[in-house]
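1. Give me the fold of what follows.
(one chain, ligands or ions: 3)
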Amino acid sequence: MNVTTGTTTYFKNVQAVHYEGKDSNNPFAFRFYCPTQTVGNKTMAEHLRFAVAYWHSFCGTGADPFGAPTRNLPWLQAADPMQRAYDKMDAAFEFITKIGIPFYCFHDYDLVEEAATLGESEDRLRKIVAYAQQKQQESGVQLLWGTANLFSHPRYMNGAATNSDFQVVCHAAAQVKNAIDATVALGGSNYVFWGGREGYASLLNTNMKREQEHLARFLAMARDYGRRNGFTGTFLIEPKPMEPSKHQYDFDAATVIAFLRQHDLLSDFKLNIEVNHATLAHHTFQHELQVAADAGALGSIDANRGDYQNGWDTDQFPNNVYELTEALLVILQAGGFTTGGVNFDAKVRRNSVDPEDLFFAHIGGMDAFARALLAAHAILEEGTYTTFMRERYESFDQGAGRDFETGKLSLNDLRELAHRLGEPVARSGRQEWVENLLARFV
Ligand code: XLS
Ligand code: NI
Ligand code: NI
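-> Ligands and ions are numbered 1, 2, ... in the order given. The predicted structure follows:
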């Protein structure tokens, strides 16, 4: 089958997107995101390391459980699946280059559709990865992370690495091996595991302990394979409490960190924290980031937002600068990203059917992050906030408080101090004051 590549322009009405400053009314310009602007010791581009998600932006058709596709994607029209994959990649790199995002992320079968046999799927993957190598080289766009889709195919209905059938586990392993190979070939900085079907619906048919041990074994095998075959980046686990499984094993950051620690995987694995997954777990995004950061395991983020009324993963583009500022405060204080970045795991709404809508969505998200970065950096520079935080805990900085922290006191010593010092004076937590302080910078 002959294929043609690089001949079609898919986003004809949009040229390269540039920074024009906050007074610009050009909807195809950045008003805050200026990639070369220095914020502290890094440029905005280096701080944020934006990535486009292949699945939402180039595979998502707008189909939902109640209706047919609404986005009529011109790159998915060819009859031959390989031709469709090449067209999709041309469209992806045209978009990524025009918007000026430095990274992208994919699942194996986002790049090319899965074939009827594993052998044929591997053959398709090899071809499209070779083309991706060429496109990356021409454009300078890099791979933030690769992953394997272990949730869409019906064989994974009972899980992938945690399936009750060993044959399915083998199939999942084949996919992960191939996806790690692709990630290495494309110089990916991270490799992600999101356990969409790694969980269960009923305990009546589930041996949870055995399934979780299988997951740990599987992750260790993937780690060993990757390390032996040239993967020097970070392995990431992306927590999510539910959807599609009723109970997902990677419920939230604390659960995943305990699991990694129990199975001695914390030195190779970090976390990829997604905003809408945090809120599904009844946490804030900031909370999940802080839990990961405190364990030295903050790797990367999937940027999006949920809906305040709907209780599912709506994956909308981020736009709340105040909330993002709180998140950036955690990220900056943790030292920022190293191999990770900000992946827009977000989709345009079902009725956003024009090619331009993809630009508006990403421009809005990038500008929101840029504003939050500027605000968070300014707050930390100005110093009132950090002084406030330090003073709140200053009773532990010397004397008996210090002795308590360093393990020099017993429970009885504390009782004696309680007698000697008397009733403590109430000290305000100053939440509203500190919220107002933040608002000054947003
Ligand atoms: C789904 C997840 C998924 C991962 C990659 O909710 O966010 O998109 O990021 O498998
Ligand atoms: Ni995600
Ligand atoms: Ni998600």
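2. now the residue of the chain found nearest ligand 1, nearest residue through space, not along the chain?
-> At 3.6 Å from ligand 1, W194 is the closest residue in the chain, using CB to the nearest ligand atom. For the C-beta atoms, the positions are set from N, CA and C on the backbone; glycine is no exception. Closest residue in space to W194, ignoring its immediate chain neighbours: E238 at 4.0 Å, by CB to CB, 6 or more residues apart in numbering.
3. Can you verify my assumption that the one you found contacts Y191?
-> No - using CB atoms under 8 Å, E238 makes no contact with Y191, being 11.3 Å away.
4. On the three-state scheme, Y104 is what?
-> strand (DSSP: H, G, I helix; E, B strand; the rest coil).
5. is it true that N26 touches E20?
-> Yes - N26 is in contact with E20 according to CB under 8 Å; the separation is 5.8 Å.
6. Those two: which has the busier surroundings?
-> E20 (14 against 11; other CB atoms under 10 Å).
7. And the residue of the chain closest to ligand 1, what's its pLDDT?
-> Note for W194: predicted pLDDT of 98.
8. same check, this time on M1
-> M1 is given a pLDDT of 64.
9. What sits closest to G299 if chain neighbours are left out?
-> With CB to CB, 6+ apart as the criterion, G299 has its nearest non-adjacent residue at 3.1 Å, and that residue is K270.
10. And Y104, by the same measure?
-> Distance criterion CB to CB, 6+ apart; nearest residue to Y104, sequence neighbours excluded, is V52 at 4.8 Å.
11. residues in contact with the most centrally placed residue in the chain?
-> Centroid check for the chain by CA atoms, centre = their mean gives D302 as the closest residue, at 2.4 Å. D302 sits next to 53, 238, 272-275, 277, 343-345 when contact means CB atoms under 8 Å, 6 or more residues apart in numbering.
12. Which element, helix or strand, includes it?
-> Counting by DSSP states H and E, the element that carries D302 is strand 298-303.
13. What residues does the protein have near ligand 1?
-> 107, 147, 192, 194, 238, 240, 274, 302, 313, 345 (CB under 6 Å from any ligand atom).
14. Let me have the residues you listed in TSV, extended by secondary structure and distance to ligand 2.
-> As requested, the residues of the chain next to ligand 1 are arranged in TSV below (DSSP: H, G, I helix; E, B strand; the rest coil; distance: CB to the ion, whole Å):
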residue	secondary structure	distance to ligand 2
H107	strand	10
T147	strand	9
V192	strand	8
W194	coil	6
E238	coil	5
K240	coil	8
E274	strand	4
D302	strand	4
D313	coil	9
D345	coil	4
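15. where do the helices sit along the stretch 201-350 of the chain?
-> In the stretch 201-350 of the chain, helices defined by DSSP state H, counting those that start in this stretch lie at 208-228, 253-262, 275-280, 285-294, 321-333, listed in chain order.
16. which other helices and strands contact the first one?
-> Same thing as helix 208-228. Contact partners of helix 208-228 among helices and strands, from 3 or more CB pairs under 8 Å, 6 or more residues apart in numbering; DSSP states H and E: helix 166-185, strand 190-193, strand 234-237, helix 253-262.
17. ok, and what's touching it?
-> 159, 161-162, 164, 169, 172-173, 176-177, 180, 184, 191, 193, 195, 198, 200, 235, 237, 249, 259, 262-263, 265, 268-269.
18. are any of these buried, and which?
-> 159, 161-162, 169, 172-173, 176-177, 180, 184, 191, 193, 195, 198, 200, 235, 237, 249, 259, 263, 265, 268-269 (16 or more other CB atoms under 10 Å).
19. low-scoring pLDDT stretches of the stretch 1-150 of the chain, where are they?
-> Under the criterion pLDDT under 70, the flagged ranges of the stretch 1-150 of the chain are 1.
20. Looking from ligand 2, tell me which residue of it is nearest.
-> A53 (7.6 Å; CB to the ion).
21. Contact partners for the closest residue to that residue other than its chain neighbours?
-> Among residues not flanking A53 along the chain, D345 sits closest, at 5.0 Å (CB to CB, 6+ apart). Contact analysis of D345 by CB under 8 Å, 6+ apart lists 53, 56, 105, 274, 302-304, 315.
22. tilt between the strand or helix carrying A92 and strand 103-107?
-> Taking DSSP H and E as the definition, one finds A92 inside helix 81-99. Helix 81-99 and strand 103-107 are oriented at 150 degrees to each other (axes from the mean of the first three to the mean of the last three CA atoms, to 10 degrees).
23. by contact count, what packs against helix 81-99?
-> strand 50-53, helix 108-111, helix 118-139, helix 355-382.
24. out of these, deepest packed?
-> Counting by mean count of other CB atoms under 10 Å, strand 50-53 has the highest mean neighbour count of the helices and strands packed on helix 81-99, with a mean of 27.
25. one step back: the residue of the chain closest to ligand 1 contacts K240, doesn't it?
-> Yes - with contacts counted by CB under 8 Å, W194 reaches K240, the gap being 6.8 Å.
26. Give the residues shared as contacts by the two.
-> D250.
27. Mind listing what's buried along stretch 402-415?
-> Within stretch 402-415, the residues that count as buried by 16+ other CB under 10 Å are 404, 409.
28. Now do that stretch: distance from first to last residue.
-> 16 Å (CA to CA, to the nearest Å).
29. what does that stretch rub up against?
-> Under CB under 8 Å, 6+ apart, the answer for stretch 402-415 is 396, 400.
30. Please compute how far it lies from its chain's middle.
-> Distance, stretch centre to chain centre, for stretch 402-415: 41 Å (CA atoms, centre = their mean, to the nearest Å).
31. Residue numbers of the stretch 201-350 of the chain in contact with ligand 2?
-> Contact residues (CB under 5 Å from the ion) of the stretch 201-350 of the chain with ligand 2: 274, 302, 345.
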